[in-house]
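Enquirer: can you look at this prediction? I've put the sequence above it.
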Amino acid sequence: MPADGPVCHGDAGRRCTDPANWRNGVTAQQLLTALFNAGIAISIGATVLSLGMSYTVGQLVAPLHRVVLVIAMVVLNAAVIPASPVS
């Protein structure tokens, strides 16, 4: 809604005093897009949670015992990949 009030249908942007002529709210496309995006976010979140809860803490921490590999991956992600040219 514009700062000076609602816009009337067919009145070229003039202020409207009749609530029946107000053009505000959400279109069907905006509503469906928002529902679709929320559904995707919920699906991804549920998948991440289900995968994370299927492992024990020991299973999650076990790969960190490879210290050399962990340090190499941190250096790769922090220095090498950001410095690579974008094609």
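Expert: Nice, I can see it.
Enquirer: ok, the residue most central in space within the chain to residue 69 distance?
Expert: Computing the C-alpha centroid of the chain and ranking residues by Cα atoms, centre = their mean puts residue 41 first, at 6.9 Å. Distance of residue 41 to residue 69, given as Cβ to Cβ, to the nearest Å: 32 Å. Glycine gets a C-beta too; all of them are placed from N, C-alpha and C.
Enquirer: same check on residue 48?
Expert: According to Cβ to Cβ, residue 48 and residue 69 sit 23 Å apart.
Enquirer: do the same with residue 29
Expert: Residue 29 sits 48 Å away from residue 69, taking Cβ to Cβ as the criterion.
Enquirer: and the two? Which one has more around it.
Expert: residue 69 (11 against 8; other Cβ atoms under 10 Å).
Enquirer: confidence score at the residue nearest to that one when sequence neighbours are not counted?
Expert: Among residues not flanking residue 69 along the chain, residue 63 sits closest, at 8.0 Å (Cβ to Cβ, 6 or more residues apart in numbering). If you check residue 63, the pLDDT there is 91.
Enquirer: what about residue 63, neighbour count?
Expert: 9.
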